[in-house]
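Trainee: okay, sequence plus prediction incoming.
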Amino acid sequence: MSGERDLTTLLSGMRPELNDGRFVFCTLPGTDVPEGLDPVATVREPEGLTLVLPQEAADRAGLGYDHVTGWITLRVHSALDAVGLTGAFAAELAAHGLSCNVIAGFHHDHIFVPADRAAEAVAVLEQLAVRSAR
């Protein structure tokens, strides 16, 4: 099942959804996820293993982090080779002073924004979708 590639369709159909909770990015040496942790995502880098975790899980495990985020899922099924979606929403968020960290899954793009501005980020993305549908 291939995803959508048309940028206008992707933007107008984003349907951003804020997931419950607060999420953090932690890093550990090695490549193995510690037992008892269930990360949202992992990334292997030469410097260590990045874990994206609920903040409560990181706190329970005693893991350090610098930035607390809200997790927004774009409910449109974007193709992995679609062009322009990330750039468009990142530019729109940046225009509102919102940083974002993006992880692409097979079906959806996932955006991590400052937790205290997550609802605002959803509203910005919803406005972009409405403008794109015109």
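Mentor: Thanks, I have the structure now.

Trainee: mind checking the SS state of residue 111?
Mentor: Three-state assignment for residue 111 (DSSP: H, G, I helix; E, B strand; the rest coil): strand.

Trainee: how about the helix or strand harbouring residue 122: buried residues?
Mentor: Residue 122 belongs to helix 118-133 when assigned by DSSP states H and E. Buried residues in helix 118-133, counting neighbours by 16 or more other C-beta atoms under 10 Å, are found at 118, 120-122, 124-125, 128-129, 132. Every C-beta, even on glycine, is put in place using the N, C-alpha and C of the backbone.

Trainee: skipping its backbone neighbours, what lies nearest the spatially most central residue of the chain in space?
Mentor: With distances taken as C-alpha atoms, centre = their mean, residue 111 lies nearest the centre of the chain, 2.0 Å away. Spatially, and ignoring its direct neighbours in sequence, residue 111 is nearest to residue 72 (4.5 Å; C-beta to C-beta, 6 or more residues apart in numbering).

Trainee: what count of nearby residues applies to that neighbour?
Mentor: 25 (other C-beta atoms under 10 Å).

Trainee: next: the one 3 residues further on.
Mentor: The burial count assigned to residue 75 is 13, neighbours taken as other C-beta under 10 Å.

Trainee: now the nearest residue to it once chain neighbours are set aside: phi and psi?
Mentor: With sequence-adjacent residues excluded and distances taken as C-beta to C-beta, 6+ apart, residue 75 is closest to residue 15, at 3.7 Å. The phi/psi pair for residue 15 (degrees, to the nearest 10) reads phi 50, psi 60.
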